[in-house]
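S.K.: Kindly return the folded structure for what I paste below:
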Amino acid sequence: MSPFAQMRTKEEQLDANYVRERLDYAHSTGKFYWKPRAGADLPTIRWNGRFAGVQAGSVKHGYTIIGLDGRVYSASRLAHLYMTGEWPDCLMSHQSRVSSNDCWSELREATHSELAAYSKKPRTNTSGFKGVSDLNGKWGAQIGKDKQHIFLWLYDTPEAAAQAYNGAAVELHGEFANGNLLERLPAELKRRPAHHSNTGVRGVSRLADGGYRAATKSKGKNIFLGNFTTLEAATRAYRNATQPRDTDEPSPQRRPRRLSKSGFCGVRQRGSKFISRITIAEREVHLGTFNTREEAAEAYVKAKAGRQAERVGAAA
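M.R.: Coordinates of the predicted model:
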């Protein structure tokens, strides 16, 4: 018996009415919450005090799973059962490609072949384009459907092969087609991409709505830089955040060298207030407490500028 058949056999033991009795589903956010259990006995009272109204499930391998009566179920499939009263006949696809996002508007049924078509290019891909490979100096384009590989043709450039793949993907996979991005960047913005980038540009990823997201990392943490309408704007945002500036002039908008929760260097949040501090001669000097992070950042900038002026005067 296939894994999918085993999953369907397990699901047949659970109906929509029981799920709705145990769980609340917020279709706009994709989150499930435990409902209070009926009963006045001590174990039920304790359970309600601990779990009633609490978000259900956990994320494993990128997908949200929920345990019911000793069995584990996919949250996306539970959402389909909750909303329609029936288990899906196929697998579930996330339109945003965020597997933990189980909003009802993001979910749709899909076959194995459609899921493969909608996926990103493999990490082992060396051409930078999905469905394109280097074949002795030429670039071959190929596409798959229903476990069959279709060779399209050989091309002189990887872009031409990627364009051929895009056309075949739309024809064969329709709404599940995930074509290659062929938008060109100015030469000064081109950098070696990360192996998992779906745009060919390091630090920039393509969103399901056609926009672009820029992000970087600092000390192992992901730093969100913003969503943009063009690839060039997202790439510039990433470059500005990761490359040092030519000027040493301080500015509140300058990205902090040491990232803090406030978003500004030298500024820390304490409750609803913001504290500004600067280090002088290996001693931390308190500059004041402010109502906004911008005011605290301005105090830090002024103190920083004063220190730089002192250094210039001393050197002169």
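
S.K.: What helix or strand is Ala305 located in?
M.R.: Under the criterion of DSSP states H and E, Ala305 resides in helix 293-315.

S.K.: list the buried ones in the one helix or strand Arg236 maps to?
M.R.: Here Arg236 sits within helix 231-242, counting by DSSP H and E. Of all the residues in helix 231-242, those buried under the rule 16 or more other C-beta atoms under 10 Å are 231-239, 241-242. For glycine as for every other residue, the C-beta is placed from the backbone atoms N, C-alpha and C.

S.K.: and of those, the nearest to Leu23?
M.R.: Ala234 (37.9 Å; C-beta to C-beta).

S.K.: Surely the closest one and Arg206 touch.
M.R.: No. Using C-beta atoms under 8 Å, Ala234 makes no contact with Arg206, being 9.2 Å away.

S.K.: Overlap in contacts, these two.
M.R.: 212-213 (C-beta atoms under 8 Å, 6 or more residues apart in numbering).

S.K.: still on that earlier bit, can you name the element that comes right after the helix holding Arg236?
M.R.: Assignment by DSSP H and E places the next element after helix 231-242 at strand 267-270.

S.K.: tell me the mean pLDDT over that following strand?
M.R.: What strand 267-270 shows for mean pLDDT is 84.

S.K.: Which elements pack onto it?
M.R.: Counting contacts by 3 or more C-beta pairs under 8 Å, 6 or more residues apart in numbering; DSSP states H and E, strand 267-270 packs against strand 273-280, helix 293-315.

S.K.: Other residues contacting the first one?
M.R.: In other words, strand 273-280. By C-beta under 8 Å, 6+ apart, strand 273-280 touches 262, 266-269, 284-293, 295-297, 299-300, 303-304, 307.

S.K.: Tell me how far the most centrally placed residue in the chain lies from Arg20.
M.R.: With distances taken as C-alpha atoms, centre = their mean, Val98 lies nearest the centre of the chain, 6.4 Å away. Counting by C-beta to C-beta, to the nearest Å, the gap from Val98 to Arg20 is 25 Å.

S.K.: Likewise for Lys147?
M.R.: The value you get for Lys147 to Arg20, if C-beta to C-beta is used, is 37 Å.

S.K.: more crowded one of those two?
M.R.: Comparing Lys147 with Arg20 by other C-beta atoms under 10 Å, the one with more neighbours is Arg20, at 14 against 8.

S.K.: so which strand or helix has that one?
M.R.: helix 16-22.

S.K.: So which bits of that helix are buried?
M.R.: 16, 19, 22.

S.K.: where are the low-confidence patches of the stretch 151-300 of the chain?
M.R.: 179-200, 208-210, 243-263, 281 (pLDDT under 70).

S.K.: Name the nearest residue to the residue nearest to the centre of the chain, ignoring sequence neighbours.
M.R.: Glu106 (7.7 Å; C-beta to C-beta, 6 or more residues apart in numbering).

S.K.: Over to Glu295?
M.R.: Phe274 (7.2 Å).

S.K.: Now do the one you found: how many residues are near it, please.
M.R.: 22.

S.K.: Could I get the full set of helices for the stretch 101-250 of the chain?
M.R.: In chain order, the stretch 101-250 of the chain shows helices spanning 112-118, 158-173, 231-242, with DSSP state H, counting those that start in this stretch as the criterion.

S.K.: Neighbour count says what about the contacts of strand 273-280? Which are buried?
M.R.: Judged by 16+ other C-beta under 10 Å, buried ones among those: 262, 266-267, 287, 290, 293, 295-297, 299-300, 303-304.

S.K.: Kindly reformat the residues you listed as JSON lines containing distance to Asp156.
M.R.: As requested, the buried ones among the contacts of strand 273-280 are exported to JSON lines (distance: C-beta to C-beta, whole Å):
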{"residue": "Ser262", "distance to Asp156": "52"}
{"residue": "Gly266", "distance to Asp156": "54"}
{"residue": "Val267", "distance to Asp156": "54"}
{"residue": "Leu287", "distance to Asp156": "62"}
{"residue": "Phe290", "distance to Asp156": "61"}
{"residue": "Arg293", "distance to Asp156": "54"}
{"residue": "Glu295", "distance to Asp156": "59"}
{"residue": "Ala296", "distance to Asp156": "57"}
{"residue": "Ala297", "distance to Asp156": "53"}
{"residue": "Ala299", "distance to Asp156": "59"}
{"residue": "Tyr300", "distance to Asp156": "55"}
{"residue": "Ala303", "distance to Asp156": "59"}
{"residue": "Lys304", "distance to Asp156": "54"}
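
S.K.: what does the model give Met83 for pLDDT?
M.R.: 90.

S.K.: next one: Lys31
M.R.: Reported pLDDT for Lys31: 90.

S.K.: neighbours around the nearest residue to Ser99 once chain neighbours are set aside, how many?
M.R.: Sequence neighbours aside, Gly62 is the residue nearest to Ser99 in space, at 4.3 Å (criterion: C-beta to C-beta, 6+ apart). Gly62: 9 surrounding residues under other C-beta under 10 Å.
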